[in-house]
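Asks: could you look at this predicted model? Sequence included:
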Amino acid sequence: MYQQQSYDNHAGWYNRHFPTREAKVNFLKVKSTKENNIAQWLQQLFFKCLDPLLNEPFQQWLTVGDAYGFDAQYILQKGSHALATDLNTNFLEVARDEHIIREYAAENAEKLSFGDAAFDYVLCKESYHHFPRPYAALYEMMRVARKGIVIMEPQDPVLKMPLLLWLSNVLTTKSRTLNKIWKNRFSFEPVGNFVYKVSEREFEKFAAGLNLPLVAFKRINPNFHFQGADDVPAHLGNSIFFAIRAKKLMLDILMKLKLIPGQVLSAIVFKQQPDEQTMQQLRADGYRLVVIPDNPYIK
C-alpha cells in the first residue's frame, strides 16, 4: 500500500541520517544553542506567526510532525503546554532528555489517538506536505482541536498567479508542454512524498463544509535556507545575510503588490469564534481574516 510505504520511509529517515544517539544529541545542541544565525532567523519567521494565539498562557497545544521538538519548544517558551508528536520518536526522546521539550508521543497524523477536543490548538508546521493523505490528517487535527488548527506550508501558486492559471487552462490537453513551463507542478522529495502545496481557497472550503466560523491567512517568505546556515551570523554586516534580507524584501514588496504569492502560507482554521482581542492581534500581525457565513440549512 502506497501510504504505508510513505509512513515507513518517513519514520526511518531520521535514523538513516542520524544513526546514533550521539549524532542526534550533537544535532540538537547545534540547533538549540547557536544563537543569532540565519537558520534561527528564518525559523523565527515561521514561529512568529503563532504569537497572536500565544498571548493567552497555559493553553494546551499539540504539534504534529514535530520531528526535533522545536515547534513545541517555541510554544513552551511562550508559556503554554505542548505535546510534541511524530511518526518516529527517536529524536523526540533525545529532545526531552536535552530539556528541549517536556513530553512527546508517537502519532500518525492521519489517525490520531486522542479524544475529541483534547487540545486547544494543533500546529502542523512544514509537515502537511509530507502526508500521503493530507485531508485525512486535516480532519483528524480538527477533530482533536478545541479552538482551531494552524497549518504552515508552501503555497500553491496557481490561484495567486493569473498567468500561470491561464496557461494551465490553455494547455490542459498538453501536459508535457505545461510541465516544461511549470517545472514543479508535480514535485516529489527524496523521502518519497509528493509536495502537497496548499491554497487559501481550500481552507475556506474546508471550513465552510464543517460550518466553522473563521479562517485567517498570513503569507510569508522564509525559504532561504542553505547548508551551513547555522554557522552564518544574522547581522547586516554579513554579506550573505544582507543578500538574503534584500531578496526577502523584494519578494515581500512584490507579494504586497499582489504580483506574486508568498512562499509559505500560515493558515489558521478556527473551530470556535475567537474573541475580539485575538482577532485584533491577528490583523496587527498581518493576517487576513475571512468570516465563513453560517449554513442557513443547518442549525
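Replies: That came through fine.
Asks: from here on, contacts and neighbour counts on C-alpha atoms
Replies: Fine.
Asks: show me where the stretch 151-299 of the chain has its helices.
Replies: Using DSSP state H, counting those that start in this stretch, the helices of the stretch 151-299 of the chain run over residues 162-170, 175-181, 200-209, 239-256, 276-284.
Asks: rank those by pLDDT, which is bottom?
Replies: Sorting those by mean pLDDT places helix 162-170 lowest, at a mean of 49.
Asks: shaky segments in this structure?
Replies: Residues of the chain meeting the criterion pLDDT under 70: 1-3, 6-11, 158-186, 192.
Asks: biggest strand in it by residues?
Replies: Ranked by residue count and defined by DSSP state E, the top strand of the chain is strand 145-154.
Asks: could you list the residues in contact with that one?
Replies: With contacts defined as Cα atoms under 8 Å, 6 or more residues apart in numbering, strand 145-154 is touched by 46, 116-129, 141-142, 197-198, 263-272, 274.
Asks: same question for stretch 50-65.
Replies: For stretch 50-65, contacts defined as Cα under 8 Å, 6+ apart pick out 71-72, 75, 78-87, 107, 109, 119-125, 127-128, 278, 281-282, 285.
Asks: so which of those residues are in helices?
Replies: Among the contacts of stretch 50-65, the residues falling in helices (DSSP state H) are 71-72, 75, 278, 281-282.
Asks: on that earlier part again, buried ones from the contacts of stretch 50-65, can you make that a ChimeraX selection?
Replies: Typed into ChimeraX, the next command selects the buried ones out of the contacts of stretch 50-65 (criterion: 16 or more other Cα atoms under 10 Å):
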select :71,72,75,78,80,81,82,83,84,85,86,87,107,109,119,120,121,122,123,124,125,127,128,278,282
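Asks: okay, and the beta partners of the nearest residue to residue 266 once chain neighbours are set aside?
Replies: Once flanking residues are discounted, residue 266 sits nearest to residue 152: 4.4 Å by Cα to Cα, 6 or more residues apart in numbering. For residue 152, the beta-bridge partners under DSSP bridges are residue 125, residue 266.
Asks: thanks a lot, see you next time.
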